[in-house]
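Peer 1: Any chance you could fold what I've pasted below:
(2 chains)
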Amino acid sequence: MAASGQQSSAPKAGRALWALAVVAAATLALSFAIQSPNRRKFPRRTPVRFWHMWTAEWKVVVDRIADSFNASQDTYELIALSVPGQAANSKFLLAVAGGDPPDCMAQWNPVIPMWADSKLLVRLNTLMTPAEWADFQTNTYPIARKIGMYKGDLYGVTTGLNLWACYYRLDHLEAAGLDPNDFPKTLEELVDVWAPKLHRRDENGSLVRMGFMPKGWSLYVPGFGGGFWNWAKPSDLTIDTPENLRALRYLVEQRERLGFDNVLRFEAGLQSGFGIDWPFISGQYSILLDGQWRVEQLARHAPEVRYGTAPVPPPAGGKANYGWSNGNFMIIPKGARCPAGAWAFIKFWSGLAEPARAAEFYTWGGWLPLSDKIAAAPAYRQYVRKHPQFQTFLDILPSENVHPTPPVPFQDYLADRIKQADETAMRGTLTPEETIRRLVREIETERRRRREFGHGD
Amino acid sequence: MKKQHLIGYAFISPWLIGFLVFVAGPFVVSIYLSFTRYEVVTSPVWVGLSNYRRLLSDDPLFWKALGITLKYALLAVPVGIVAGVALALLLNLRVAGISIYRTVFYLPAIVPVVATSVVFVWLLNPQIGLVNQFLQALGLAPKHCPAWLQSTRWAFWSLVFMSLWAIGGSMIIYLAGLKDIPIALYEAAVIDGASTWQRTRHITLPMLTPVIFFNLVMGTIGAFQYFTQAYIMTEGGPEDSTHFYALYLFNRAWRYLDMGYASAMAWILFVIVMVLTIVIFKTHRRWVHYGG
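Peer 2: Numbering: from 1, shown residues only, chains lettered A, B, ... in the order given. A predicted model of the protein is given here:
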């Protein structure tokens, strides 16, 4: 019986193997037969694969820009792909490591120094003519160069800068008897005179409306004459300086005046901060520091809110038109199959090629341009006339007192530790002096490690 | 026979190939990478034991992250076991509608952890969250209610508290274990005059120890891999109070582009988990009872 069983199992096994092979082949054939949902619109053109992280309403804007590029010429077809923001960096790195990166990518994470140091990015100035490079260095805003450059080379071209300014609600100011045309000239006046008139508390003493409260160490240090990097003569980090300490002390004192826990609870009770949930719209803030993109959102989601904008006033004796900035920028990875097409698109969107036409793209997203040429273009001026509050940001834009996170190869780590230090001081866990000392220690430890391993320092 | 083996392997080949390529391969390669400086896009450079030396002697965040993870494992795993067993005992009672109760308590276990995390961010909101509103309804003054995820003191405990949300998964295993206990043991105990507590203490719990042992091992391994909730809900904050080991490892690998260092971290974690698992296995003869 056993022998006959073995004999009969052999043909069965053969049939099973064949069946398996047929199923596998059919699956493979089917996968080729099914058409991709993203079919090429211009199959004869050279494809330029572009990755970005925008979704929802922002993706629509990016797709419009991609369509405009495709309509503007007949050599390249830009294929835009939205990748999930949280996984974008790892996907990008793996694509580069696997030898199949996109041709260009829009980024906003602090990655340029780290990726440039790892020889991952194309030096964009090598794609420019000498005249274009000279023009870029002369005619773009300082902050666009600070964000995009690393050790003298250009790795990222900004297509939208972010700046922060004061948004103030006119109804709150009027009710408190404050004149918006006479906005405070110093931070002290704003914090000591205006803010208390605007704060509102409930019967338990808990804050229900914040008049104004300065926060964000990185945002305020330039106003106090400090900063984490000497931009005039780049050499090293400048964390433990009297100016940085003064800025942190000031911020902590203001938090202390309102009560650490009180502020914590007030902030935790705010909505998400996106779109219509922004606490400025709901009236939980009278004066709030926020980015220029809110102008567009206010027009879209809450046109009934009457408001104005103003630069954050400097502390007495401090520097005007100051702040921290980041932005959207375009990079080309090493190994890109069509760097020429990618560069053509970057010039198209950023306005390095045709500022007047690119000005329109900036207005679609409410973005800040990288040069005066774009800001002065008719399309952009028309946008500013429609949204006069936007002018405040344009006034700050050329300032030398706006800085990004220092361009060190461990920029992301540095940004994390500065944020953590800010949090520690603001919660009163450590004094500002102790906080700065600890931050210096942490950064020194990291640099020691990097030096030992031969990383960029 | 040979052909039969071949067919068997052919059928499991999708899994085998996946295992070799995506698990075993990276597992072995990561040993080598942990002795290198590796930035994903460049070739690894041999640095010997430097990654391990730096981690152990000159990285305060490594120790902090390890401490937080260890504390979590020591708290969340036993709490989960006690709560899971207690819940299983309750859901083993013969009362009307018990199937509905079982379903209700199991449901949270099938909700994706990302969705759960987002919901808990709102539940634990100090100002408008349901948890604090409940505490206020019990008479606690608003200023005395914990700030949960916003508070350095409470954020870690919030995650421990949240871990109970998904005990339905282990509860169902305990319940299956309870159903497996021979009824004859209880009948004999009842004839001998044993009380409910005595039956629980001397029959139920000892007979359940194999299942408890299984959940202890799996829970310990899971606790050391704790990542998603901290990544979504706190990003390691406030003030690094929820900076779990796996989160730090992820940041080192993908955000700071330090894959060699992260590989060394992964291997230290592997050794710790292995040692703990071995310790648990070594001790199990003393407290795990296998029926016959």
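Peer 1: Show me which residues of chain B are close to chain A?
Peer 2: By CB under 8 Å from any CB of the partner chain, the part of chain B that sits against chain A consists of B:3-4, B:7, B:10-11, B:37, B:39-42, B:45, B:47, B:50, B:54, B:58-61, B:125-128, B:141-143, B:147, B:150-152, B:237-240, B:251, B:254-257, B:260. Backbone N, C-alpha and C define where each C-beta goes, glycine included.
Peer 1: Mind telling me what element residue A:413 is part of?
Peer 2: According to DSSP states H and E, residue A:413 maps onto helix A:411-426.
Peer 1: counting contacts, what elements does that helix pack onto?
Peer 2: helix A:112-117, helix A:217-220, helix A:242-258, helix A:432-453 (3 or more CB pairs under 8 Å, 6 or more residues apart in numbering or on different chains; DSSP states H and E).
Peer 1: 10 Å instead?
Peer 2: In terms of contacts (3 or more CB pairs under 10 Å, 6 or more residues apart in numbering or on different chains; DSSP states H and E), helix A:411-426 is packed against helix A:112-117, helix A:217-220, helix A:242-258, helix A:260-268, helix A:432-453, helix B:60-90.
Peer 1: Check what contacts stretch B:20-32 and list those residues.
Peer 2: Stretch B:20-32 is contacted from outside by B:16, B:18-19, B:33, B:38, B:44, B:46, B:259-260, B:262-264, B:266-267, B:270, using CB atoms under 10 Å, 6 or more residues apart in numbering or on different chains.
Peer 1: what comes up buried for it?
Peer 2: Buried residues in stretch B:20-32, counting neighbours by 16 or more other CB atoms under 10 Å in any protein chain shown, are found at residue B:30.
Peer 1: Then stretch A:385-405?
Peer 2: Across stretch A:385-405, burial judged by 16+ other CB under 10 Å covers A:387, A:389-390, A:392-397, A:399, A:401-405.
Peer 1: Residue 227: neighbouring residues, count only.
Peer 2: Defaulting to chain A. By other CB atoms under 10 Å in any protein chain shown, 25 other residues sit near residue A:227.
Peer 1: could you do chain B instead?
Peer 2: Counted with other CB under 10 Å, residue B:227 comes out at 16.
Peer 1: where exactly do the strands run in the stretch 251-400 of chain A?
Peer 2: For the stretch 251-400 of chain A, the strands defined by DSSP state E, counting those that start in this stretch cover A:287-291, A:307-310, A:323-324, A:326-331.
Peer 1: now the angle from the first one to strand A:326-331?
Peer 2: What that stands for is strand A:287-291. With axes from the mean of the first three to the mean of the last three CA atoms, to 10 degrees defining the directions, strand A:287-291 sits at 0 degrees from strand A:326-331.
Peer 1: Check which helices and strands strand A:287-291 sits against.
Peer 2: strand A:157-162, strand A:164-169, helix A:293-301, strand A:307-310.
Peer 1: try it again with 7 Å
Peer 2: Packing contacts for strand A:287-291, counted by 3 or more CB pairs under 7 Å, 6 or more residues apart in numbering or on different chains; DSSP states H and E, involve strand A:164-169.
Peer 1: Contacts made by the strand it packs on with the rest, please.
Peer 2: Strand A:164-169 has contacts (CB atoms under 7 Å, 6 or more residues apart in numbering or on different chains) with A:180, A:219, A:280, A:283, A:286-291, A:294, A:305, A:307-312, A:323, A:392-393, A:396.
Peer 1: Could I have the buried ones of these as ChimeraX selection syntax?
Peer 2: The ChimeraX selection below is limited to those of the contacts of strand A:164-169 classed as buried (16+ other CB under 10 Å):
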select /A:219,280,286,287,288,289,290,291,294,305,307,308,309,310,311,312,323,392,393,396
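Peer 1: What's the local residue count around whichever residue of the stretch 101-250 of chain A sits closest to chain B?
Peer 2: With CB to the nearest CB, the shortest gap between the stretch 101-250 of chain A and chain B falls at residue A:118, namely 4.7 Å. Other residues within reach of residue A:118, judged by other CB under 10 Å, total 20.
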